[in-house]
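1. have a look at this fold, sequence not included:
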């Protein structure tokens, strides 16, 4: 009996592999979920480093300088989400940006490229709001970048969820930069 189960499982796995191969007739471009990577960096802090006070609620509360490299051809625009997954009540959004031109892969501190739109953060304000963890706690902040294959049509004050829905099926590549901040 055990031998039949093993043979049946192996046959089912083989059928699954063969059916997933396709007939090669319509070989479209890789799916938007393909594992293409954007490199996201900042001159203010290294990946895994400490976010300087200037870019937090304890400082000037301006967005850090960001740079994006490895954008695939066909990138119509960039989107960025800055989030705190350590927040007490679930992931907290600090920044929502979309339709930043791919021709501007370097963003100065406190600025987004002309034409980019900014949505509503977790403080219910449009634009950037820097790290502001509870006193005594160190949180990590993730700046996620998305190369979109088209312009995203979102309303003013769009949320992180709105952006993620708009990106679904339209993301060519992704990248992230993580920083830490504690008070």
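-> Happy to help now that I have it. Please read all numbers here as calculations on a predicted model, not as lab measurements.

2. can you classify residue 61 as helix, strand or coil?
-> coil (DSSP: H, G, I helix; E, B strand; the rest coil).

3. got a list of contacts for stretch 51-58?
-> Applying Cβ atoms under 8 Å, 6 or more residues apart in numbering, the contact partners of stretch 51-58 are 44-45, 59-64, 109, 129-132, 141, 179-181, 183. C-betas here are computed from N, CA, C, even on glycine.

4. okay, and which of these map to helices?
-> The members of the contacts of stretch 51-58 all map outside helices under DSSP state H.

5. any idea which element the residue nearest the centre of the chain lies in?
-> Geometric centre of the chain, nearest residue: residue 144, 2.7 Å, by Cα atoms, centre = their mean. Counting by DSSP states H and E, the element that carries residue 144 is strand 138-148.

6. give the buried residues for that strand.
-> Neighbour counts over strand 138-148 (16 or more other Cβ atoms under 10 Å) mark 139, 140, 141, 142, 143, 144, 145, 146, 147, 148 as buried.

7. ok, residue 153 - how many residues close by?
-> 10 (other Cβ atoms under 10 Å).

8. my hunch is that it is in a helix, does that hold up?
-> No - under the criterion used here (three-state DSSP), residue 153 is coil, not part of a helix.

9. which residue packs closest to it, ignoring adjacent ones?
-> residue 166 (7.4 Å; Cβ to Cβ, 6 or more residues apart in numbering).
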